[in-house]
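Asker: Kindly generate the corresponding structure for this input.
(4 chains)
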Protein chains: 2
Amino acid sequence: MQKAASDKNNEVIAAQLAPVGRETVQDRVYSELRRALIGGLFEPSQVLTIRGLADALVTSTMPVREALGRLITEKALEALPNRSVRVPPITLERIDDLLRARILIEGEAIALATTLMTSRQIATVEAMLGEWDEMRALKHKKDVDREVTLNQSFHFEIYRACGSAVLIPMIESLWLQSGPCIRVAIYAFSDAGEVDTAQYHRRIVAALSAQDAQAAREALVADISRPFTFLRNKMQSADSKD
Amino acid sequence: MQKAASDKNNEVIAAQLAPVGRETVQDRVYSELRRALIGGLFEPSQVLTIRGLADALVTSTMPVREALGRLITEKALEALPNRSVRVPPITLERIDDLLRARILIEGEAIALATTLMTSRQIATVEAMLGEWDEMRALKHKKDVDREVTLNQSFHFEIYRACGSAVLIPMIESLWLQSGPCIRVAIYAFSDAGEVDTAQYHRRIVAALSAQDAQAAREALVADISRPFTFLRNKMQSADSKD
DNA sequence: TTTTTTGATTTGTGATCACACTTGCATTGA
DNA sequence: TCAATGCAAGTGTGATCACAAATCAAAAAA
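Answerer: Numbers count the residues shown, from 1 in each chain, chains lettered A, B, ... in the order given. Next comes the predicted model:
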């Protein structure tokens, strides 16, 4: 068989078949744990065991231990001297530390994105605002999980536009670390229900449309500061009560 | 035996014995690979195999594969679709991307450190300048490895003073990613020999002593930009030649 | 000579096992 | 009654094996 003919034949096949992907079990475990962490499904200080997670995820211990190791290196989980691993506990210092880092890095990312985003990309992000209204329309059932996912998609759609392969993984790591912290804030907001996240996001989109990097940065800071300051106040009042 | 007596007895023993430490093999492998990466011992695009590293480090494959997984998640190494792992290749975009992130984050860290460092801590850092003169005195043998270690110690002694448990691991990750890139610059500087790193570090110490955060940030930016701009120029001239 | 095929070797992934350490609880002793 | 001891279940770590996929080189076909 000639080379050209063979290639042509392969191309025809490739046009019909969808790539099957080769995600490993370890990757799936890792993604699943990430999702749970960012979504605040684990509580701070909760201890995780390899065998326990392996049972819950219906695999063997091997993929789980490697996924845990990865999460520990990005500070999403914490290795105790006993060699057990837990979700990092919340402290006031950690809250301030995380918020400061997020303002610094995500602020820079959105400023870069502002100068780079095409109107096509802005339109995509703007379209995501609609989903919020849609969700609020049927507000009888508060779907916290979907809210978290939507919020994440919105932010990262913008961050990806900054075009930095270095900053984006750092932001992901920050979200991973923030997840368990803002867990309580997420549920509290969902209960309160009124002060709408979409409102903050609209301000961000407006700044992006105006190509005003400084305004975009400030709108973003207001958005991500909200759960942190809420949590901060809550912890301080709890401390003073003790 | 009474509790008090037992405790007292244990205290006496504890005063005589040094804690034995429980570092795992995996931790040692991870540290060793980190050291090699930051020191620029691996070249960009070099492929690493689990069994090859296990043989070189005289262990089994298990600790190595977990260490590699951790390094991949912090982008110090890269997983190819073939599932082999390599040191990330250098591109112009990546150089600029890394430098921008380092300026942003390390600049913030040193600005924070400036307001927090005690005169005691500054003295410690200042003392490290002496080692450079010492090393230059016997410049017959250029010890690149020691130079890298000394540079790392100097910077992280300052960064640790910023007191951010979030920023410091990020900086470590950035150094890990920069290591292979600035490898060529390190050796080139060591060959040139004249433009002294200590000179840049003296400017940093002076700014710290003056508690001038802005000056410290600028001095730091000048210091870390040097190898990157060197490398950038070198790559551009190489490109134009092709 | 160039291309394809075939087969052997190498490599990553996941499962299982052995071992050491920790933890929790019941037992023993004062 | 309470602390110390001893035992048993649980847990992380590292080693080894089986398997599938990738790689490379030699042989076969064009």
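Asker: all contacts plus neighbour counts: C-alpha atoms, from now on.
Answerer: Will do.
Asker: Could you list the buried residues of the helix ranked longest in chain A?
Answerer: Counting by DSSP state H, the longest helix found in chain A is helix A:213-241. Neighbour counts over helix A:213-241 (16 or more other C-alpha atoms under 10 Å in any protein chain shown) mark A:213-223, A:225-232 as buried.
Asker: Which stretches in chain A count as strands?
Answerer: Using DSSP state E, the strands of chain A run over A:47-48, A:78-79, A:85-86.
Asker: How far away from the center of its chain is the longest helix of chain A?
Answerer: Centroid separation between helix A:213-241 and its chain, computed with C-alpha atoms, centre = their mean, to the nearest Å, is 17 Å.
Asker: which helices and strands does that helix pack with?
Answerer: helix A:92-116, helix A:167-192, helix A:197-209 (3 or more C-alpha pairs under 8 Å, 6 or more residues apart in numbering or on different chains; DSSP states H and E).
Asker: Quick one: mean pLDDT for that helix?
Answerer: For helix A:213-241, mean pLDDT is 87.
Asker: Likewise for stretch A:135-154?
Answerer: Rounded mean pLDDT across stretch A:135-154 is 78.
Asker: What parts of chain A come near DNA strand D?
Answerer: A:1, A:48, A:49, A:50, A:51, A:52, A:65, A:83, A:84, A:85 (C-alpha under 7 Å from any atom of the strand).
Asker: Which entries within the residues you listed meet the buried criterion?
Answerer: So, by 16+ other C-alpha under 10 Å, the buried ones in these are A:49, A:50, A:51, A:65, A:85.
Asker: out of those, what pair is the most spread apart?
Answerer: A:51 and A:85 (12.1 Å; C-alpha to C-alpha).
Asker: Show residues contacting stretch A:113-125.
Answerer: A:154, A:157-163, A:205, A:208-209, A:211-213, A:216 (C-alpha atoms under 8 Å, 6 or more residues apart in numbering or on different chains).
Asker: quick one: which of those residues has the most company?
Answerer: Per-residue neighbour counts (other C-alpha atoms under 10 Å in any protein chain shown) across the contacts of stretch A:113-125 peak at residue A:208, which has 28 neighbours.
Asker: if we can go back for a sec, relative to residue A:111, which of the buried ones among the residues of chain A next to DNA strand D is nearest.
Answerer: residue A:85 (36.5 Å).
Asker: how close does that closest one sit to DNA strand C?
Answerer: Residue A:85 is 11 Å from DNA strand C, where distance means C-alpha to the nearest atom of the strand, to the nearest Å.
Asker: Tell me the bridge partners for that residue.
Answerer: Counting by DSSP bridges, residue A:85 is bridged to residue A:48, residue A:79.
Asker: Next, work out how far apart it and residue A:112 are.
Answerer: 37 Å (C-alpha to C-alpha, to the nearest Å).
Asker: Kindly report the same for residue A:45.
Answerer: When residue A:45 is compared with residue A:112 (using C-alpha to C-alpha), they lie 36 Å apart.
Asker: Looking at these two, which has the bigger crowd around it?
Answerer: Just comparing residue A:45 and residue A:112: by other C-alpha under 10 Å the higher neighbour count belongs to residue A:112, 19 against 15.
Asker: need the contact list for the closest residue to that one other than its chain neighbours.
Answerer: Sequence neighbours aside, residue A:162 is the residue nearest to residue A:112 in space, at 5.2 Å (criterion: C-alpha to C-alpha, 6 or more residues apart in numbering or on different chains). Counting by C-alpha under 8 Å, 6+ apart, residue A:162 makes contact with A:109, A:110, A:111, A:112, A:113, A:114, A:116, A:117.
Asker: Quick check: the gap between whichever residue of chain A sits closest to chain B and residue B:175.
Answerer: Going by C-alpha to the nearest C-alpha, chain B is nearest to residue A:70 of chain A, at 4.8 Å. Computed with C-alpha to C-alpha, the distance linking residue A:70 and residue B:175 is 18 Å.
Asker: thinking again about what came up before, any idea which of the helices and strands packed on helix A:213-241 has the lowest pLDDT on average?
Answerer: helix A:167-192 (a mean of 84).
Asker: Can you list the buried residues in it?
Answerer: Quick answer for helix A:167-192 (16+ other C-alpha under 10 Å): A:167-168, A:170-186, A:189-190.
Asker: just to revisit the earlier point, mind putting the residues of chain A next to DNA strand D in a markdown table, distance to residue A:236 included?
Answerer: Shown next, in a markdown table, are those (distance: C-alpha to C-alpha, whole Å):
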| residue | distance to residue A:236 |
| --- | --- |
| A:1 | 76 |
| A:48 | 28 |
| A:49 | 31 |
| A:50 | 34 |
| A:51 | 37 |
| A:52 | 34 |
| A:65 | 36 |
| A:83 | 31 |
| A:84 | 29 |
| A:85 | 27 |
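Asker: And the contacts of stretch A:143-158?
Answerer: Taking C-alpha under 8 Å, 6+ apart as the rule, stretch A:143-158 contacts A:39, A:110, A:113, A:125, A:128, A:186, A:187, A:190.
Asker: oh sorry, the question was meant for stretch A:58-76
Answerer: Contacts of stretch A:58-76 (C-alpha under 8 Å, 6+ apart): A:25-27, A:29-30, A:37, A:50-51, A:53-54, A:77-79, A:87-88, A:173, A:176-177, B:66, B:69-70, B:73-74.
Asker: Could you list which of these also contact DNA strand C?
Answerer: Among the contacts of stretch A:58-76, DNA strand C is touched by A:25, A:26, A:27 when using C-alpha under 7 Å from any atom of the strand.
Asker: Let's see the PyMOL selection covering just the buried ones among the residues you listed.
Answerer: Here is the PyMOL selection string for the buried members of those, based on 16+ other C-alpha under 10 Å:
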select buried, chain A and resi 26
